[in-house]
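>>> My questions concern the predicted model and sequence given below.
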Amino acid sequence: MRLAYFYNQMTPNEMKFALIVESALNSLIEPEYRQVMIELLMIFGKLVSYHRITHMKESVMQLDLIISQANEYFLENQWSVQGDALMCCAGKPQKQRKCTSSHGICQFFYDSAPSGEYGTMNFLSKSLLASIFKNSPHVNTPACHVS
């Protein structure tokens with residue numbers, strides 16, 4: 001969906017907006033994927049409450065791709081620290097991964113705590129910021145690079 005549609009429906013205490021978001025979240029069958037999506041929406045909400053992201057007003061954000069990229073960041077980290085995800089996913093091409101969890105996300109990603117250095121929100125934040133800055137007109141500004 002377009003962000004502009006949500007912005008038009010989003011006013012303080014707007015029930016219609018809340019119902020749209022709730023309906024979209026209820027369409028996600030797997031509870032662990034829904035939880036990660038909620039974490040991503042919380043991060044995005046916090047980000048836009050502090051910083052205006054005007055270059056994306058008419059953009060479509062593919063949240064599933066942001067979650068998928070966060071999973072890739074998680075797996076890269078697991079590879080570097082020789083973490084538990086080496087048993088199933090880390091260091092392997094996507095088609096050779098053993099995890100059978102929903103949306104191709106590593107089960108160890110779902111099992112991670114939300115906060116902390118190795119938490120899901122850390123990887124979701126990195127992925128979200130990379131996605132936002134990729135579409136930014138200031139993408140070549142050194143201060144905007146995500147590490």
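Received it, and whenever you're ready, just let me know what you need. Numbering: from 1, shown residues only.
>>> Check the burial of G45 by counting its neighbours.
Residue crowding around G45 was assessed by other Cβ atoms under 10 Å; the count is 9. (Each C-beta comes from the backbone N, C-alpha and C, glycine too.)
>>> buried residues in stretch 95-110?
With burial defined by 16 or more other Cβ atoms under 10 Å, the residues of stretch 95-110 counted as buried are R97, C99, S101, S102, I105, C106, Q107, F108, F109, Y110.
>>> I should have written stretch 120-135 there, sorry.
Of all the residues in stretch 120-135, those buried under the rule 16+ other Cβ under 10 Å are 120-132.
>>> ok, the buried residues of stretch 95-110 vs L63, which is closest?
Distance from L63 was checked for each of the buried residues of stretch 95-110 by Cβ to Cβ. The minimum falls on I105, at 12.7 Å.
>>> so what's the closest one closest to, chain neighbours aside?
Counting by Cβ to Cβ, 6 or more residues apart in numbering, I105 lies nearest to N71, which is 4.8 Å off, once chain neighbours are set aside.
>>> thinking the one you found is in contact with Q107, fair?
No. The pair N71 and Q107 fails to qualify as a contact (Cβ atoms under 8 Å) at a distance of 10.6 Å.
>>> does A90 belong to a helix or a strand, and which?
For A90, there is no enclosing helix or strand under DSSP states H and E.
>>> now swap in I66 and tell me
For I66, the element it lies in under DSSP H and E is helix 63-80.
>>> Now that helix: buried residues?
When burial is assessed from 16+ other Cβ under 10 Å, helix 63-80 yields the following buried residues: L63, I66, I67, Q69, A70, N71, E72, Y73, F74, L75, N77, Q78.
>>> other SSEs contacting that helix?
Identification of packing neighbours for helix 63-80 by 3 or more Cβ pairs under 8 Å, 6 or more residues apart in numbering; DSSP states H and E yields helix 31-50, helix 107-111, helix 120-134.
>>> List the contacts of it.
Where contact means Cβ atoms under 8 Å, 6 or more residues apart in numbering, the residues beyond helix 63-80 that reach it are 33, 36-37, 40-41, 83-86, 89-91, 103-106, 108-109, 112, 118, 120, 123-124, 126-128, 130-131.
>>> starting at the chain centroid, how far to it?
On the basis of Cα atoms, centre = their mean, to the nearest Å, helix 63-80 sits 9 Å off its chain's mean C-alpha point.
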